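Asks: Sequence first, predicted coordinates after that:
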Number of protein chains: 2
Amino acid sequence: MKVRFVADRLKIPYRWIDVSVLAVETRNPEFLAMNPAGQVPVVMLADGRPLAQSNAIMLHLAEGSALIPADAYERALMHQWLFWEQYSHETAIAVRRFQKTYLKMPESEIDPSLKLKGERALALMDRHLINRSHFVADHLTLADIALVAYTRWADEAGFDLKDWPGVHKWVTRVETELELEAST
Amino acid sequence: MKVRFVADRLKIPYRWIDVSVLAVETRNPEFLAMNPAGQVPVVMLADGRPLAQSNAIMLHLAEGSALIPADAYERALMHQWLFWEQYSHETAIAVRRFQKTYLKMPESEIDPSLKLKGERALALMDRHLINRSHFVADHLTLADIALVAYTRWADEAGFDLKDWPGVHKWVTRVETELELEAST
């Protein structure tokens, strides 16, 4: 969804192809030819060249736009949040959501450390958003888009955003800016 | 070490301060003020502003240098490998190394999926390096530096690089370019 949010925001045309991870379509030879890592998302650029990793795709599509700060330090902080999202956020909140909502695993079978890790991530975001409208600079950047993608569905991962009111308010703000339907 | 490799390569002066994760120094208030995520590494830039996440720091230090390809697509592929490293490589190889070498956990206590994940990562790298001297373009970039940092100590994580000869050759090449002592 991150990639879609950026393409829509920047009015970049695309054709969207659903690929089912559950149906193991990401292990088909055709898919592996595009991305040997077998991970979604992957884009085929206009010239037919593939690119994988959601955050790398966003950076490529958004190059030269206001979604990437012009200031070098603000840009560095944006990168910092993109890597943090992949390491400390997605690995807890998106993984728990996948296990609960898609694999329908009962709570007792889910690694309990994921809950703790997700709560730590949301608490850190909540503290960061005190007196801030966005994660970096004072406007929407790729850092917000990367982080909002799974945060807005945190309830499906078993987290109640009412416990982190700063995050909750920011989700609503970013959803409005991206013209998304409200998730909560 | 990634950050150090980049600073040394670009002759950027720095003062190095060891912080012990085992001694929980990353949970001190002083450290958390620099990086609320409590993760190493973190740099204090010349103007006193902090920056965390190894790959974000590398991108900042290397801006405008040959370590970042000038071509937009090659730069996008470099970003792709940086995110893949954090998601699919560090989380297996560096984590296993930490558990085996630093925490001295016996093999029976280590999550067996880490071994499989690490082998998959090394196999993917090995295939990518067929007919390639470096991960992106035909010269050293941040993708190589990010990936070599833990790959060169893969034996301490319980992986024998002789099983992935392309990776082994590439490690030696990058170590030579970075003027590092040979790890194998």
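Replies: Yes, it's here. Numbering: from 1, shown residues only, chains lettered A, B, ... in the order given.
Asks: Quick check: next helix or strand after the helix or strand hosting residue A:76?
Replies: Taking DSSP states H and E as the criterion, residue A:76 maps to helix A:72-84. Going down the chain from helix A:72-84, the next helix or strand is helix A:95-97, by DSSP H and E.
Asks: still on that earlier bit, which strands and helices sit next to the helix holding residue A:76?
Replies: Judged by 3 or more C-beta pairs under 8 Å, 6 or more residues apart in numbering or on different chains; DSSP states H and E, the packing partners of helix A:72-84 are helix A:54-61, helix A:142-151, strand B:50-52, helix B:54-61, helix B:72-84. Using the backbone N, CA and C atoms, a C-beta is placed for each residue, glycine as well.
Asks: what number of residues lie near the residue lying closest to residue A:75 once chain neighbours are set aside?
Replies: Nearest non-adjacent residue to residue A:75, counting by C-beta to C-beta, 6 or more residues apart in numbering or on different chains: residue A:69, 4.9 Å away. Using other C-beta atoms under 10 Å in any protein chain shown, the number of residues around residue A:69 comes to 18.
Asks: now do residue A:61
Replies: By the other C-beta under 10 Å criterion, the neighbourhood of residue A:61 contains 22 residues.
Asks: which residues does it contact?
Replies: The neighbours of residue A:61, taking C-beta atoms under 8 Å, 6 or more residues apart in numbering or on different chains as the test, are A:3, A:6, A:7, A:10, A:12.
Asks: switch to 7 Å and redo it
Replies: By C-beta atoms under 7 Å, 6 or more residues apart in numbering or on different chains, the contact set of residue A:61 is A:6, A:7, A:10, A:12.
Asks: mind checking which helix or strand the second one is in?
Replies: Put plainly, it is residue A:7. Following DSSP H and E, one finds residue A:7 within helix A:2-9.
Asks: Could I get the buried residue list for that helix?
Replies: A:2, A:3, A:5, A:6, A:7, A:9 (16 or more other C-beta atoms under 10 Å in any protein chain shown).
Asks: is chain B contacted by the helix or strand of chain A with the lowest mean pLDDT?
Replies: Lowest on mean pLDDT, DSSP states H and E among the helices and strands of chain A sits helix A:29-34, with a mean of 93. No: applying C-beta under 7 Å from any C-beta of the partner chain, one finds helix A:29-34 separated from chain B by no less than 10.2 Å.
Asks: Next, the angle from the longest helix anywhere in chain A to helix A:72-84.
Replies: The helix that spans the most residues within chain A, counting by DSSP state H, is helix A:113-128. Orientation check (axes from the mean of the first three to the mean of the last three C-alpha atoms, to 10 degrees): helix A:113-128 against helix A:72-84 gives 160 degrees.
Asks: thinking again about what came up before, now pLDDT and distance to chain B too, for the buried residues of helix A:2-9, in CSV please.
Replies: CSV is the format used below for these (pLDDT from 0 to 100; distance: C-beta to the nearest C-beta, whole Å):
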residue, pLDDT, distance to chain B
A:2, 97, 12
A:3, 97, 12
A:5, 97, 17
A:6, 98, 13
A:7, 98, 15
A:9, 97, 18
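Asks: out of those, which one sits closest to residue B:109?
Replies: The shortest approach to residue B:109 among the buried residues of helix A:2-9 belongs to residue A:2, at 36.0 Å (C-beta to C-beta).
Asks: Confirm that residue A:43 sits in a helix.
Replies: No: counting by DSSP: H, G, I helix; E, B strand; the rest coil, one finds residue A:43 to be strand, located in no helix.
Asks: Distance-wise, check residue A:57 relative to residue B:119.
Replies: Using C-beta to C-beta, to the nearest Å, residue A:57 is found at 27 Å from residue B:119.
Asks: do residue A:160 as well
Replies: For residue A:160, the distance to residue B:119 (C-beta to C-beta) stands at 39 Å.
Asks: Between those two, which has more neighbouring residues?
Replies: residue B:119 (15 against 11).
Asks: now residue A:85, nearest residue through space, not along the chain?
Replies: Distance criterion C-beta to C-beta, 6+ apart; nearest residue to residue A:85, sequence neighbours excluded, is residue A:146 at 4.7 Å.
Asks: Contact residues of chain A facing chain B?
Replies: So chain A meets chain B at A:36-37, A:49, A:51-53, A:55-56, A:59-60, A:63, A:72-73, A:76, A:79-80, A:83-84, A:86-88, A:124, A:127 (C-beta under 7 Å from any C-beta).
Asks: PyMOL command for the buried members of those?
Replies: Of the residues of chain A next to chain B, the buried ones can be selected in PyMOL as follows, counting by 16+ other C-beta under 10 Å:
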select buried, chain A and resi 37+51+52+53+55+56+59+60+76+79+80+83+84+86+87+88+124
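Asks: and residue A:19, what is it in contact with?
Replies: Counting by C-beta under 7 Å, 6+ apart, residue A:19 makes contact with A:25, A:26, A:31, A:40.
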